[in-house]
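Novice: Sequence and predicted model, in that order:
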Amino acid sequence: MGSLLGVLFANFFMGCIEEEVFSKFEKPEIYCRYIDSFIKTTHNEDILLLKNYLQDASGLTFTIENSVEGSMPFLDILVTQQQEKFDTDTYVKPTNTGQCMNGKSECPQRYINSTISAYIRRALTHCSTWTKVHTEIVRSTQVLLNNGFNKKDIETITKKIIDRWYHTQQDTTEKKEDIKIYYRAFFSTAYKEDERILKQIIKRNVKPTNPDKRINVVIYCKSQKTSHLLLRNSPNIIKKPTQHSHVIYRFTCKRGNCATLPSTYVGMTTMKLSRRLSYQLSCGAPKIHLRQEHHENITRQMLTENTEIITTCPDTRRRPILEALYIKELNPNLNIKSSDLQALPSIRRNTAPSTSQPETRRNETDDTSMP
């Protein structure tokens, strides 16, 4: 369990078993499988025989549940047989206690709206008549109210979803698909401001190649670990900025000509910032800049006083993306390479030495390139 391929393997296995069984046994009038199997037949002997065939071929154990008065639950749908069709309704297990996410939870508002939407869409997709839809919406509304949801929010979202559902059923025009960009964030009290800034950055710097499509940023939150919420020993001890790790930092030079127009450099590191600054003493853009422009040797004090932490990010996949976004936003003039990298024959140049070119990811900021 837990493997991403688990569902694929299970479906492939059952598909092979069914192909083998139905080569020997006549397939029922209706046979559907999605986790459970739904079968329509006129004789119970056929069900028992099919069950034995499936068990012998697969080595699994199957159970049978017969319909009661023409109705039978299939997953979360109650299927009722009529003369020439099936009616469907939402199915609620007798053991269901009616609990869901509390409407007064400390979480983004869209999570609360999504919970309401799930109940309403379930009624629209599972119920075959508007009478049953109405009954299910009334039941779902009561469940949501019992769990602390606001009645006005429930009515507003219900009306919005039903109107959209109705117009979607009537609209036959081709629907344009948006380009979705997923971003995982950590929930905090300032999540609205973080999301606003992130969407603003993407809107300014990312444009779809197809002008008819729009970019839709989907932000989902991950809860903090319980250990992050507990008080630690000596809570008054504050780390020095240089003792932080997994950071994106900025070096600013204000010497000489840089006093009017400061030269800046943006980088990232997974190690402690103090150790990263030690590497900058031996090589890197700040050292080269001070030597070439100001004819000075870089010192530890100079680096410490002129380096600030922009943000901290422990996520290894998110950190390079944040660095690239900050480089795009802040446009540091020291984040360039003045040498032409001719590592591959396909990019070698036959002309004179190349001019400086901006780069999105530099070797100076990659900790793995340090000795």
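Specialist: Alright, I've got the coordinates.
Novice: Can you list the residue ranges for strands in the stretch 201-350 of the chain?
Specialist: Remark: strands of the stretch 201-350 of the chain, listed N- to C-terminal, are 215-222, 247-253, 263-269, 307-312, 336-337; assignment by DSSP state E, counting those that start in this stretch.
Novice: For the residue nearest to Ser105 when sequence neighbours are not counted, give me its contacts.
Specialist: When the adjacent residues along the chain are set aside, Ser105 lies closest to Ile112, with 7.3 Å between them (C-beta to C-beta, 6 or more residues apart in numbering). No exception for glycine: its C-beta is placed from N, CA and C like everyone else's. Shown here is Ile112, whose contacts under the criterion C-beta atoms under 8 Å, 6 or more residues apart in numbering are Met101, Gly103, Ser105, Phe149, Asp153.
Novice: let's see 10 Å
Specialist: Under the criterion of C-beta atoms under 10 Å, 6 or more residues apart in numbering, the neighbours of Ile112 are Met101, Asn102, Gly103, Lys104, Ser105, Leu144, Gly148, Phe149, Asn150, Asp153, Ile157.
Novice: Then Ser71?
Specialist: Applying C-beta under 10 Å, 6+ apart, we find Ser71 in contact with Leu78, Val79, Thr80, Gln81, Phe86, Asp87, Asp89, Tyr91.
Novice: Paired strands for the helix or strand encompassing the third one, with orientation please.
Specialist: Which is Thr80. Thr80 is part of strand 77-81, with elements assigned from DSSP states H and E. In its sheet, strand 77-81 lies beside strand 71-74 (antiparallel), strand 86-90 (antiparallel), with partners assigned from DSSP bridges.
Novice: Please name whichever of those is nearest to Tyr183.
Specialist: Proximity to Tyr183, assessed across the strands paired with strand 77-81 by C-beta to C-beta, is greatest for strand 86-90 (33.2 Å).
Novice: What lies in contact with the closest one?
Specialist: Outside strand 86-90, the residues within contact range by C-beta under 10 Å, 6+ apart are 30, 38, 40, 70-71, 73-74, 76-81, 119, 122-123, 125-129, 131-133, 135-136, 139-140.
Novice: From Asn205, how far off is the residue nearest to Ser105?
Specialist: For Ile112, the distance to Asn205 under the criterion C-beta to C-beta, to the nearest Å works out to 31 Å.
Novice: Show me what counts as buried in the longest helix along the chain.
Specialist: Across the chain, the longest stretch assigned as helix under DSSP state H is helix 151-170. Within helix 151-170, the residues that qualify as buried by neighbour count (16 or more other C-beta atoms under 10 Å) are Ile154, Ile157, Thr158, Ile161, Ile162.
Novice: between these, which is closest to Thr61?
Specialist: Sorting the buried residues of helix 151-170 by distance to Thr61 puts Ile161 at the head of the list, at 41.0 Å, by C-beta to C-beta.
Novice: pLDDT score assigned to the residue nearest to the closest one when sequence neighbours are not counted?
Specialist: In this structure, Ile161 finds its nearest non-sequential neighbour in Ile120, 4.8 Å apart by C-beta to C-beta, 6+ apart. Ile120 carries a pLDDT value of 91.
Novice: next one: Thr307
Specialist: If you check Thr307, the pLDDT there is 91.
Novice: re earlier: quick one: which of the contacts of Ile112 is most hemmed in?
Specialist: When those are compared by neighbour count (other C-beta atoms under 10 Å), Leu144 ends up highest, at 25 neighbours.
Novice: Next up, identify which helix or strand that one is on.
Specialist: With DSSP H and E as the test, Leu144 turns up in helix 130-146.
Novice: quick one on the thing from earlier: make CSV from the contacts of Ile112 and add pLDDT and distance to Tyr249 to it.
Specialist: Converted to CSV, the contacts of Ile112 look like this (pLDDT from 0 to 100; distance: C-beta to C-beta, whole Å):
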residue, pLDDT, distance to Tyr249
Met101, 88, 39
Asn102, 88, 40
Gly103, 87, 42
Lys104, 85, 40
Ser105, 83, 36
Leu144, 92, 47
Gly148, 89, 44
Phe149, 91, 44
Asn150, 89, 44
Asp153, 90, 43
Ile157, 92, 44
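Novice: Closest one of those residues to Phe25?
Specialist: For Phe25, the closest of these turns out to be Met101, at 45.3 Å, with distances computed as C-beta to C-beta.
Novice: Could you count how many residues lie near the nearest residue to that closest one once chain neighbours are set aside?
Specialist: In space, not counting the residues next to it along the chain, Met101 is nearest to Thr115; the distance is 5.2 Å by C-beta to C-beta, 6+ apart. Here the count is done by other C-beta under 10 Å, and Thr115 has 19 residues near it.
Novice: Which secondary structure element is home to Thr115?
Specialist: helix 109-126.
Novice: buried sites along that helix?
Specialist: Residues of helix 109-126 classed as buried under the neighbour-count rule (16+ other C-beta under 10 Å) are Ile112, Asn113, Thr115, Ile116, Tyr119, Ile120, Arg122, Ala123, Leu124, His126.
Novice: now stretch 194-203
Specialist: Glu195, Leu198, Ile201.
Novice: Next: stretch 206-225.
Specialist: Buried residues in stretch 206-225 (16+ other C-beta under 10 Å): Val217, Ile219, Cys221.
Novice: would JSON lines of these with distance to Tyr279 and pLDDT be doable?
Specialist: JSON lines is the format used below for these (distance: C-beta to C-beta, whole Å; pLDDT from 0 to 100):
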{"residue": "Val217", "distance to Tyr279": "35", "pLDDT": "83"}
{"residue": "Ile219", "distance to Tyr279": "34", "pLDDT": "80"}
{"residue": "Cys221", "distance to Tyr279": "35", "pLDDT": "72"}
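Novice: wait, which of these is closest to Thr97?
Specialist: Thr97 has its nearest neighbour among the buried residues of stretch 206-225 in Cys221, at 26.1 Å by C-beta to C-beta.
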